[in-house]
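Undergrad: Here you go, sequence then predicted model.
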Amino acid sequence: MPTTAIETTAGIETAQDGITIRDPRTGEVLWTVPQAGPQAVKDAVEVARKAAPGWAATAPAERGAALRAAAKALDAAAGELAGLNASETGRPEDEALAGIAAAVATLEQYAELGPVHRGHSLRGSRLASDYTIAEPRGVAVLLTPWNDPAAVACGLIGAALVTGNTVIHKPSERCPRLGEALGEVLAPAFPAGVFLTISGGADVGAALSQAEVDVIAHVGSSASGARIAQAGALTGAHVIRENGGNDPLLVDRDVDPAWAAEQAAIGAFSNSGQICTAVERIYVHKDIAEAFCSALEAEAALRNSNGSVAPLVDLRMRDAVHGHVADALDQGALAVEGGALPDGPGSFYPATVLLGCTEEMQVMTEETFGPVAPVQVVDTFDDGLRLACSGKYGLAATVLSSNIAHVQQAVAVLPVGTVKVNAVFGGAPGGAAQPRGGSGAGFGYGPELLDEFTQVKVVHIEAAPAPAAPEASPDDQDQS
């Protein structure tokens with residue numbers, strides 16, 4: 001089945017009829033693609049709405065089987081999709097392939113979880129039955145990001161489809177060809193109208209979020225997420241958001257500074273810092289600060305010298321990252337590594353270590369989303385924890401410490417959805433968190449995401465009373 005797909009592009013060169021995508025490595029134009037118009041959005045919603053009753057009535061096991069078929073098709077197309085990811089976003093192809101593998105695994109996971117998603121029995125009268133049923137919400141709009149486009153999209157796609165919703169997927173305008181290809185690979189596994197792809201820029205996302213749909217799931221910036229939440233409040237759509245973060249890393253006095261610096265570098269520089277749960281600000285205890293900062297500088301210098309830092313997605317992103325760095329330098333921070341715009345083509349930005357940072361700097365209060373590690377030295381663990389608890393975001397935080405009392409204290413008070421102890425990334429399969437504050441709301445992953453895409457119906461059943469015996473007629477009485 002063909003998808004309802006109107007392509008769009010990444011980058012900053014927009015026009016009425018399309019957007020031009022440039023190669024993040026060279027700056028050369030890759031392609032220009034058209035954007036969806038208002039009628040295409042309206043048509044997609046109508047198609048998905050018509051397909052919704054039939055898909056909702058499909059047995060969960062059949063929906064799971066369709067998802068497994070989609071996962072198999074995705075695995076077969078991994079090389080092509082990874083190449084598109086590398087072209088549009090600059091992500092190294094091995095990392096892009098790993099993202100496709102994660103997408104396949106996620107679809108397979110939801111193919112298994114969906115058919116066993118169940119309601120609850122309720123305790124009522126012994127002669128009655130009370131239970132709940134999980135039903136699909138209806139038409140789901142999925143607005144997904146560019147930084148890990150296949151894996152994130154397939155998490156939402158898998159959970160939405162396996163629970164019986166029809167889906168309209170709008171991939172990020174920064175990787176439209178990948179989003180289009182993903183739709184072409186996945187859609188044939190499902191009945192017509194069940195899974196649609198429609199591409200475009202912010203105006204298309206706004207039109208979809210304002211349409212008469214039943215659930216909107218968004219992974220992206222906090223500013224966009226706030227507008228989507230407002231739109232959902234007006235239409236009545238259920239909104240799931242995983243948005244920006246300014247995730248802190250708190251380094252205690254009792255850890256090895258070289259190991260801590262390695263963790264900080266992994267958290268700040270992986271995928272060129274373009275990860276929602278990247279390390280965005282670092283608070284290190286004064287007792288190990290000198291050794292830690294020296295080791296972190298060396299980690300950044302190694303990445304810059306060996307060319308392992310991939311370009312940022314486009315020049316617009318690089319300008320935003322460098323703006324945060326320039327603000328910090330203007331306020332007295334010291335760039336001991338990186339911190340300057342490189343010569344040459346593309347949107348490269350070096351791994352950067354900033355020392356002497358303060359709470360007034362944008363790198364410590366806003367989401368930078370680049371390979372920048374800003375460091376503030378603190379006198380005590382409590383001082384660092386207080387600073388780590390500050391700000392408008394609430395996505396995740398990391399604590400490096402061997403002091404169990406400090407760890408428990410941090411877990412208790414950090415106002416975030418995820419606390420990671422002694423590992424900046426990682427976690428058990430099926431983990432799900434609820435972002436807080438400016439970072440969003442609702443479960444974005446794991447088995448709980450199935451609950452987000454369903455609504456609960458309570459059922460109460462009890463026996464009807466026996467019918468009353470008919471009254472005897474006069475003739476019947478004479479015969480007796």
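TA: Received the coordinates, thanks.
Undergrad: so H460 sits in a helix?
TA: No: under DSSP: H, G, I helix; E, B strand; the rest coil, H460 falls outside any helix and is assigned strand.
Undergrad: Could I get the pLDDT score of it?
TA: H460 carries a pLDDT score of 96 in this model.
Undergrad: host element of the nearest residue in space to it that is not next to it in sequence?
TA: Distances taken as CB to CB, 6 or more residues apart in numbering place D130 nearest to H460, at 5.1 Å, with adjacent residues excluded. The C-beta positions use only the backbone N, C-alpha and C, and glycine is treated the same way. Using DSSP states H and E, D130 maps to strand 128-136.
Undergrad: quick one: buried residues of the helix or strand hosting A206?
TA: Here A206 sits within helix 202-209, counting by DSSP H and E. For helix 202-209, the neighbour count (16 or more other CB atoms under 10 Å) marks 203-209 as buried.
Undergrad: Output that helix as CSV, nothing but the C-alphas.
TA: Written as CSV, here are the backbone C-alpha positions of helix 202-209 (Å, rounded to 0.1, in the frame of the first residue of the first chain):
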residue,chain,number,x,y,z
ALA,A,202,6.7,23.4,11.2
ASP,A,203,3.5,24.6,9.5
VAL,A,204,2.6,21.0,8.7
GLY,A,205,3.3,19.9,12.2
ALA,A,206,1.1,22.7,13.5
ALA,A,207,-1.7,21.8,11.1
LEU,A,208,-1.6,18.1,12.2
SER,A,209,-1.6,19.1,15.9
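Undergrad: gap between the following helix or strand past that helix and the chain center?
TA: Under the assignment DSSP H and E, the closest C-terminal helix or strand after helix 202-209 is strand 215-219. Relative to the chain's own centre, strand 215-219 is displaced by 9 Å; criterion: CA atoms, centre = their mean, to the nearest Å.
Undergrad: do the same with stretch 247-266
TA: How far stretch 247-266 lies from its chain's middle: 25 Å, per CA atoms, centre = their mean.
Undergrad: same question, stretch 407-420
TA: Here stretch 407-420 is found 21 Å from its chain centre; the criterion is CA atoms, centre = their mean.
Undergrad: residues making contact with the strand holding D130?
TA: With contacts defined as CB atoms under 8 Å, 6 or more residues apart in numbering, strand 128-136 is touched by 52, 55-56, 117-124, 163-165, 450-451, 453-463.
Undergrad: redo that, cut-off 6 Å
TA: 56, 117, 119-122, 124, 163-165, 454-462 (CB atoms under 6 Å, 6 or more residues apart in numbering).
Undergrad: Could you point out which residue ranges in the stretch 151-300 of the chain have low pLDDT?
TA: Across the stretch 151-300 of the chain, nothing is flagged by pLDDT under 70.
Undergrad: what ranges do the strands span in it?
TA: Using DSSP state E, counting those that start in this stretch, the strands found in the stretch 151-300 of the chain span residues 166-170, 195-197, 215-219, 238-242, 248-251, 281-285.
Undergrad: Tell me the strands beside the shortest one, with direction?
TA: Strand 195-197 has the following sheet partners, assigned by DSSP bridges: strand 166-170 (parallel).
Undergrad: Am I right that A432 is in a helix?
TA: No: under three-state DSSP, A432 sits outside any helix and is assigned coil.
Undergrad: Please tell me how far it sits from R49.
TA: The gap separating A432 from R49 is 29 Å, by CB to CB, to the nearest Å.
Undergrad: how deep is G430 tucked in, by neighbour count?
TA: Using other CB atoms under 10 Å, G430 has 11 neighbouring residues.
Undergrad: ok, which stretches of the stretch 201-350 of the chain are helices?
TA: For the stretch 201-350 of the chain, the helices defined by DSSP state H, counting those that start in this stretch cover 202-209, 222-235, 257-269, 289-306, 315-330.
Undergrad: a markdown table for the ones you listed, including distance to T20?
TA: As requested, the helices of the stretch 201-350 of the chain are exported to a markdown table (distance: least, CB to CB, whole Å):
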| stretch | distance to T20 |
| --- | --- |
| helix 202-209 | 16 |
| helix 222-235 | 21 |
| helix 257-269 | 29 |
| helix 289-306 | 29 |
| helix 315-330 | 12 |
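Undergrad: Most tightly packed of those?
TA: helix 257-269 (a mean of 22; mean count of other CB atoms under 10 Å).
Undergrad: Extract the C-alpha trace of that one and format it as CSV.
TA: C-alpha atoms of helix 257-269 as CSV (Å, rounded to 0.1, in the frame of the first residue of the first chain):
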residue,chain,number,x,y,z
PRO,A,257,38.6,11.7,38.0
ALA,A,258,39.9,10.1,34.8
TRP,A,259,36.9,7.7,34.8
ALA,A,260,34.5,10.6,35.6
ALA,A,261,36.0,12.6,32.7
GLU,A,262,35.5,9.7,30.4
GLN,A,263,31.8,9.4,31.4
ALA,A,264,31.4,13.2,31.0
ALA,A,265,32.9,13.0,27.5
ILE,A,266,30.7,10.1,26.4
GLY,A,267,27.6,12.0,27.7
ALA,A,268,28.5,15.4,26.2
PHE,A,269,30.1,14.4,22.9
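Undergrad: angle of that helix against strand 281-285?
TA: Here the directions of helix 257-269 and strand 281-285 differ by 170 degrees (axes from the mean of the first three to the mean of the last three CA atoms, to 10 degrees).
Undergrad: Contacts for helix 257-269 next, please.
TA: 249, 251, 279, 282, 288, 291-292, 295-296, 299, 303, 351, 371, 373, 400, 424.
Undergrad: I'd like to check the angle between that helix and helix 289-306, please.
TA: Going by the same axes, to 10 degrees, helix 257-269 makes 50 degrees with helix 289-306.
Undergrad: Could I get the pLDDT score of I12?
TA: At I12, pLDDT is 33.
Undergrad: hmm, I was thinking of V399
TA: The model reports V399 with a pLDDT of 98.
Undergrad: Show me what it is bridged to.
TA: Note on V399: beta-bridge partners by DSSP bridges are L250, V421.
Undergrad: how near is it to K286?
TA: Computed as CB to CB, the V399 to K286 distance reads 17 Å.
Undergrad: Tell me which of these two has more neighbours.
TA: V399 (25 against 13).
Undergrad: Check the contact between that one and A410; I expect there is one.
TA: Yes: look at V399 against A410 with CB atoms under 6 Å: they come within range, at 4.6 Å.
Undergrad: Of the contacts of helix 257-269, which pair is most distant in space?
TA: I288 and P371 (23.0 Å; CB to CB).
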